[in-house]
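[1] whatever this is, show me its structure:
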Amino acid sequence: MRILLTTRGSSGHVLPLAPFGHACLRAGHEVLVAAQRQHGANVERAGLPFAPVDDPPPEEWMPLMGQFAQLGIEQSNERMIGEFFARIDVRAALPRLRAIVEDYRPDVIVRESWEFGSTLVADLYGIPIVRVGLGLAAVEELTVRLAAPAVDEQRIALGLPADPAGGRLRETPYLTMVPEPLDDAAAVAPAPALTHRFAAPAAKAVAPPPLGDWWPGNDDPLVYVSFGTVAGEAHLPYFPALYRSAIDALAPLPARILVTIGDGRDPAELGPPAANVHVERWVAQDRVAPHAAAIVCHGGYGSTLVALRHGVPLVVLPLFSADQWANAAAVARTGAGIALNPDHATRPVLGLPGDDVLAGLAPAVRRLLSDPSYAREARRIAAASSALAPVDAAVDVLARVYATYTGVPTGARA
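    Below you'll find the predicted structure:
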């Protein structure tokens, strides 16, 4: 089969999709990733072939950032998904995405759930499509509801049947690496018959690679701090202020503190760190997590799942996206960590966490390090994750989708 993976392309969107691409490659299928041109390095770092689509024009999306600054978390999430992802991104990507499909002729499209242009292309060209979740089931359902109006407008403009309720977005096979205990059983979720849960690729049964010798002679517990790859970008207000505040709060702890800030920033901007603090632009989270006693993050999909996959408890300080707040609540609900989210209803979406929130950071980390119940619950979720079918089994799902949609067994393709 030829598999086309479609994504916006930022790191947090590529990384959940990449394991499915590699599973297809291991099974002998062809894979191509369509993503925004500006994010090509993320696709290439994931080790997958890249086909660029056009970036959204700055003059269309930058004004939204100013508007977001005046909105709360939920209101800005509605605008981000409904206006930015489902309209501006789609309008920019669609011409090149159509050309890629016409040239590559994929048998199946596998989209991440915040990329919507592929849903139009799939119907235009009669290609089966599968969705890879970027969050909890409740977040996926909310995403469909918020995106449906803008996607439907573009469906109608292309001569496709109207879909005002988002059924075409919702009623496709749904692949996720979220273990069931992390999802809220009471929340509206994708249909069980369409849901397929998979374990992330297992690490080899060898000792994890050592970290750099950044704290010679110090064997205190390791606390890893990451606010993801987007928070440090220049159009957001978090760097360096938030990072300095976190470092100042955590440096007095009897711990080794590793902070990553993203490729686009200079560690020197944070000033000379304390002896127990080390700052890097990028370290693979799967490399760090086996060494960590606690992880401080913003509740991004990748950061949260990597920590819990390794059984590491979390302090979650959500920032700018509604799914981060949902992940923080889920971590707290399961007992696998602590959510620093008391200002959900009052903080503007691009506002910095208040002094009262940041004052809770060091005490929260102390609790994780001293109370074994958090690590125990994190290991429970890790066990549920590792018990899932391996991600390579997703290839069988794609083969069945293709055969069901076309009536042609995958081995019979011309």
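[2] neighbours of A322, how many?
    Neighbourhood size, A322 [other C-beta atoms under 10 Å]: 24. Heads up, the C-betas are built off the backbone N, CA and C, glycines and all.
[3] for A157, see how far away it is.
    Distance, A322 to A157, by C-beta to C-beta, to the nearest Å: 28 Å.
[4] per-domain residue ranges of this structure.
    Using automatic domain parsing, the domains assigned to the chain come out as 2-202+388-412, 222-386.
[5] now these in CSV, with mean pLDDT?
    Below are the domains of the chain laid out as CSV (pLDDT from 0 to 100):
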stretch, mean pLDDT
domain 2-202+388-412, 93
domain 222-386, 94
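[6] out of these, nearest to P210?
    Closest approach to P210 among the domains of the chain (C-beta to C-beta): domain 222-386, 8.2 Å.
[7] L350 against Q67, yeah?
    No - L350 is beyond contact range of Q67, at 10.2 Å (criterion: C-beta atoms under 8 Å).
[8] which of the two has more neighbours?
    Ranked by neighbour count (other C-beta under 10 Å), L350 and Q67 place L350 first, with 18 against 13.
[9] give me the nearest residue to the more buried one, chain neighbours excluded.
    A69 (4.7 Å; C-beta to C-beta, 6 or more residues apart in numbering).
[10] just list the residues touching the one you found, thanks.
    348-351 (C-beta atoms under 8 Å, 6 or more residues apart in numbering).
[11] quick check on those: which are buried?
    Using 16 or more other C-beta atoms under 10 Å as the burial test, the contacts of A69 include 348-350 as buried.
[12] my read: W114 touches R8, true?
    Yes - counting by C-beta under 8 Å, R8 is a contact partner of W114 at 6.1 Å.
[13] present the domains of the chain as TSV; the columns should include distance to P216.
    Below are the domains of the chain laid out as TSV (distance: least, C-beta to C-beta, whole Å):
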stretch	distance to P216
domain 2-202+388-412	30
domain 222-386	10
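[14] strands along the chain, start to end?
    Under the criterion DSSP state E, the chain contains strands at 2-6, 30-36, 50-53, 108-112, 129-132, 174-176, 195-199, 222-226, 256-260, 277-280, 292-297, 314-316, 337-339, 389-390.
[15] so which of these is the most surrounded?
    Most buried of the strands of the chain, by mean neighbour count (mean count of other C-beta atoms under 10 Å): strand 314-316, with a mean of 28.
[16] quick one: contacts of it?
    Residues contacting strand 314-316 (C-beta under 8 Å, 6+ apart): 294-299, 304, 307-308, 324, 327-328, 331-332, 336-341, 361, 364-365, 368, 378.
[17] and the closest residue to L388 other than its chain neighbours, what does it touch?
    Closest residue to L388 apart from its sequence neighbours, by C-beta to C-beta, 6+ apart: A199 at 4.1 Å. Residues in contact with A199, defined by C-beta under 8 Å, 6+ apart, are 177, 385-391.
[18] perfect, that will be all.
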